[in-house]
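In: let's see this in three dimensions:
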Amino acid sequence: MEKHIEKEYKVLVTKNQFETLLSHYPNVKFHIQKNHYYDNDNYDIIHQHAAMRIREKEDTNIFTLKKFIDGDLLEFECEVDDISPEVFNNKEIKEVLDSYNIQGPFHHLTTLTTNRGVYYGNGYELCFDHSNYENQNDYEIEYEYTKDHDGETNFQSIMDLIGITYEKNAMSKIQRALHAKGIL
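Out: Numbering: from 1, shown residues only. As a prediction, this is how the structure comes out:
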């Protein structure tokens, strides 16, 4: 099981802002990824301000548990065979879930599908996400650290290309999908 701190900035933008910024990165390649979100009947994961998903991307399925611990967003990840709730019986996954008092059985909450394009910069990935969920869609720009640097200043210089002053305006993908479904 891999464990790391997620460091990112994200902002929701209009379709026009998305396309304008994308025009500055002409070689970005897009791929489809599906995020399948899970919780138990008591919504213990949501109540812990955490998220659990299995992401289908190309021929790979990745389990992820995201949880805030001491102010950091920790991600626990490992590859799994499929997207069914049975994968949560995997020994490594079970150990992580047990350590945070998260017990099954788990059920599927919703699926969010993203057409993602990625630009690989020096110390960061700039992600262009067009997401669909519960008959809604949105456009999001994510700036994900791959090594330490002044990411906020760098991200702001990218946002300047479309006339945006960065301020956090984006709920997480799971929050948007669950809100649209009426769970949050």
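
In: which secondary structure elements does the host helix or strand of residue 125 sit against?
Out: Using DSSP states H and E, residue 125 sits within strand 124-133. Using 3 or more C-beta pairs under 8 Å, 6 or more residues apart in numbering; DSSP states H and E, the elements in contact with strand 124-133 are helix 15-22, strand 106-121, strand 136-145, helix 151-159, helix 173-181. No exception for glycine: its C-beta is placed from N, CA and C like everyone else's.

In: export the ones you listed to CSV and tack on distance to residue 30 and mean neighbour count?
Out: Putting these into CSV (distance: least, C-beta to C-beta, whole Å; neighbours: other C-beta atoms under 10 Å) gives the following:
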stretch, distance to residue 30, mean neighbour count
helix 15-22, 10, 16
strand 106-121, 4, 17
strand 136-145, 13, 18
helix 151-159, 18, 16
helix 173-181, 17, 19
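
In: mind putting these into TSV with distance to residue 44?
Out: Converted to TSV, those look like this (distance: least, C-beta to C-beta, whole Å):
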stretch	distance to residue 44
helix 15-22	35
strand 106-121	10
strand 136-145	26
helix 151-159	32
helix 173-181	14
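
In: please name whichever of those is nearest to residue 29.
Out: strand 106-121 (6.4 Å; C-beta to C-beta).

In: counting by contacts, list what the closest one packs against.
Out: So strand 106-121, by 3+ C-beta pairs under 8 Å, 6+ apart, packs with strand 29-40, strand 124-133, helix 173-181.
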